[in-house]
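In: What would the 3D arrangement of this be:
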Amino acid sequence: MQCCRLVLLLMGQCSLYVAVLYGYELVEEKKTWEEAREYCKAKHIDLATMQTFTDLEEVVDLVGDKGDTWIGLRRQTGSTKTWSWSSPKVKFIDSEAAWKTNEPNNAAGAEDCVAMLDNKWIDFRCGLKKRFLCYDERNLKKFHLHTEKKSWPEAWRYCRNHHTDLASGDAQLTGDAFQTEMSGSAGEKVWIGLYADTWAWSDGNYPSFWNPTLFKGEGQGAKLSDGSYPALWNPTLFEGKGACVALSEKKWKSEDCSHKNNFLCNTQETNPATKPVPKPVNDPAPKPVTKPATKPDKLVLINKSMTWERALSYCREKHNELVSATNPTEQTLVQNIAMGAKTTHVWMALRYSCTLDLWFWVDNKVVKYSNWGTSEEIVDTCDMSGAMEKGGKHQWFKKNANKKLNFICREY
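Out: Predicted structure coming up:
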């Protein structure tokens, strides 16, 4: 069974267009992960990799209820670990690390998450239950030590839901307020926001649904419409029970690589002579652009009423992309422009995936910051896009994608 789509690439300065038939084939033969990869490399390209939400939707639809299915994601057991903070605002600096003597040692294998013991760091398996420390940038009380023990992923999701994040970085893990909150935890191991991302695709790339690794931004941090988090990852993934990943009931989970499952292959054919073909308006794949670091974005209000898909195509043809509002600063900039619209709402680059049950920005960012309002309008849940009201509190509302509204384009 195959699933494919047409993608156009612009090559260099010579404006050579290459039409790429890119997709997936589900192979219903039971093989180990290594056997499956050998099969895919021999007959196609490699085991399936996914780098956009569109890819994820296609794969979930293709697999359906066929049972556990290998994809090309695997733990890189022999590689050097790259440590990162769960907070996307904090960069890990090796010279600021506070490791306990002889740590990190990966003693039990797959020790990819970090807890603090008496101000020193120790690596542990992420599935172990421990106390955890949340940081809340919105409240006067910044630190919250929770004594109910959770695994690292559970603690991380709890902090994201109820505070800001797990405590991250040298600036947060020092100081009087931090020491005061931790004063009652002497001799206790407490999860902090440090983790090692050792998962990579079989082609050597890293998952890019979040920025830039497994937790940073937000892979599981993408909130659903009810405020909860989607479970693309089964929690067993972090418990060291397996080094290879299978898709099972719309979730990814780790399994022993020697298990025999169905599997997905990447398929690809290229024809350099193919002429450019207009991009289908129903394919919200991100448009690749190079954004100058020193040039601020320009927001352009289009006072023409179009469906969401037509607005997306218009922005990509005439400017760069439909506008997004991924933080309060961007929200303010967009709402100031929206006030000039002729319709009550303006389209944004916000799209709902019925298959994955999550909202995402079409430039492949997940929705962490949000400004949803409530509406009694009846909306087709599998054809929803997001629009901002031009007045009032400039909140976001779910709208049928075939509704015609003004829209705002972003120009890089």
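In: At which residues are the helices of the stretch 251-400 of the chain located?
Out: 308-318, 328-338 (DSSP state H, counting those that start in this stretch).
In: Return stretch 363-377 as PDB; C-alpha atoms alone will do.
Out: Only the C-alpha atoms of stretch 363-377 are listed here, as PDB (Å, rounded to 0.1, in the frame of the first residue of the first chain):
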ATOM      1  CA  ASP A 363       5.500  26.500   9.100                       C
ATOM      2  CA  ASN A 364       5.800  23.300  11.200                       C
ATOM      3  CA  LYS A 365       5.800  25.000  14.600                       C
ATOM      4  CA  VAL A 366       3.500  23.500  17.300                       C
ATOM      5  CA  VAL A 367       1.100  25.600  19.300                       C
ATOM      6  CA  LYS A 368       2.600  26.400  22.700                       C
ATOM      7  CA  TYR A 369       1.400  30.000  23.100                       C
ATOM      8  CA  SER A 370      -2.400  30.300  22.500                       C
ATOM      9  CA  ASN A 371      -5.100  32.900  22.800                       C
ATOM     10  CA  TRP A 372      -8.300  30.900  22.100                       C
ATOM     11  CA  GLY A 373     -11.700  32.300  22.600                       C
ATOM     12  CA  THR A 374     -15.000  30.400  22.900                       C
ATOM     13  CA  SER A 375     -17.600  30.300  20.100                       C
ATOM     14  CA  GLU A 376     -20.900  28.600  19.600                       C
ATOM     15  CA  GLU A 377     -20.300  28.400  15.800                       C
END
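In: could you give the mean pLDDT of that stretch?
Out: Averaging pLDDT along stretch 363-377 gives 76.
In: ok, now stretch 260-280?
Out: 59.
In: for stretch 391-410, same thing?
Out: pLDDT averaged over stretch 391-410 gives 93.
In: Now for Leu405: which residues touch it?
Out: Residues near Leu405 by C-beta atoms under 8 Å, 6 or more residues apart in numbering: Ser305, Met306, Trp308, Ala311, Ala341, Thr343, His345, Val346, Trp347, Ala387, Lys399. Heads up, the C-betas are built off the backbone N, CA and C, glycines and all.
In: Contact partners for the closest residue to the first one other than its chain neighbours?
Out: So the one you mean is Ser305. Excluding the flanking residues, the one nearest Ser305 by C-beta to C-beta, 6 or more residues apart in numbering is Lys404, at 4.0 Å. By C-beta under 8 Å, 6+ apart, the contact set of Lys404 is Ser305, Met306, Thr307, Thr343.
In: hey, what's the second one bridged with?
Out: Beta-bridge pairing for Met306 (DSSP bridges): Leu405.
In: Can you check the pLDDT for it?
Out: pLDDT, Met306: 94.
In: Based on its surroundings, how many neighbours for it?
Out: Neighbour count for Met306, taken as other C-beta atoms under 10 Å: 18.
In: Quick check, it in contact with Tyr314.
Out: Yes - using C-beta atoms under 8 Å, Met306 makes contact with Tyr314 at a distance of 6.4 Å.
In: which neighbours do the two share?
Out: Phe407.
In: Just send the contacts of Leu405 back as TSV, with distance to Gly193 too.
Out: Below are those laid out as TSV (distance: C-beta to C-beta, whole Å):
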residue	distance to Gly193
Ser305	45
Met306	42
Trp308	36
Ala311	38
Ala341	40
Thr343	42
His345	37
Val346	36
Trp347	35
Ala387	34
Lys399	36
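In: Compare those and tell me which has the most neighbours.
Out: Ranking the contacts of Leu405 using other C-beta under 10 Å puts Trp347 first, with 33 neighbours.
In: what pairs with it across the strands?
Out: Here Trp347, judged by DSSP bridges, has bridge partners Ala387, Phe407.
In: tell me the contacts of it?
Out: Trp347 sits in contact with 306, 308, 311-312, 322, 385-387, 399, 405-408, where contact means C-beta under 8 Å, 6+ apart.
In: ok, it to His163 distance?
Out: For Trp347, the distance to His163 equals 32 Å [C-beta to C-beta, to the nearest Å].
In: Strands along the stretch 201-350 of the chain, start to end?
Out: 244-248, 251-255, 261-271, 298-306, 321-322, 345-353 (DSSP state E, counting those that start in this stretch).
In: need the next SSE after the helix or strand encompassing Glu38, C-terminal direction.
Out: Glu38 belongs to helix 33-43 when assigned by DSSP states H and E. Counting by DSSP H and E, the next helix or strand C-terminal to helix 33-43 is strand 46-47.
In: which other helices and strands contact that next one?
Out: helix 33-43, strand 69-75, strand 261-271 (3 or more C-beta pairs under 8 Å, 6 or more residues apart in numbering; DSSP states H and E).
In: who touches that strand?
Out: So strand 46-47 is contacted by 33, 36-37, 40, 70-72, 202-203, 263-266 (C-beta under 8 Å, 6+ apart).
In: ok, the residues you listed vs Thr49, which is closest?
Out: Among the contacts of strand 46-47, Gly72 lies closest to Thr49 (C-beta to C-beta), at 4.8 Å.
In: The closest one reaches Glu34, doesn't it?
Out: No - using C-beta under 8 Å, Gly72 and Glu34 do not qualify as a contacting pair, with a distance of 11.6 Å.
In: any weak-confidence spans in the stretch 151-300 of the chain?
Out: 197, 204-241, 268-297 (pLDDT under 70).
In: tell me the contacts of Ser87?
Out: So Ser87 contacts Tyr135, Thr164, Asp165, Leu166, Ser168, Gly169, Gly193 (C-beta under 8 Å, 6+ apart).
In: ok so, going back, pLDDT (mean, whole number) over the helix holding Glu38?
Out: pLDDT averaged over helix 33-43 gives 95.
In: the inter-axis angle of it versus strand 69-75?
Out: 110 degrees (axes from the mean of the first three to the mean of the last three C-alpha atoms, to 10 degrees).
In: Return the list of helices and strands in contact with helix 33-43.
Out: Using 3+ C-beta pairs under 8 Å, 6+ apart: helix 33-43 touches strand 16-31, strand 46-47, strand 69-75, strand 261-271.
In: Stretch 48-57: end-to-end distance?
Out: 13 Å (C-alpha to C-alpha, to the nearest Å).
In: so for that stretch, what's the average pLDDT?
Out: The model assigns stretch 48-57 a mean pLDDT of 75.
In: Stretch 317-330 spans what distance, first to last residue?
Out: 22 Å.
In: just stretch 247-265 next, same as before
Out: Start-to-end span of stretch 247-265 (C-alpha to C-alpha) is 13 Å.
In: Distance from it to the middle of the chain?
Out: Chain-centre distance of stretch 247-265: 20 Å, with C-alpha atoms, centre = their mean, to the nearest Å.
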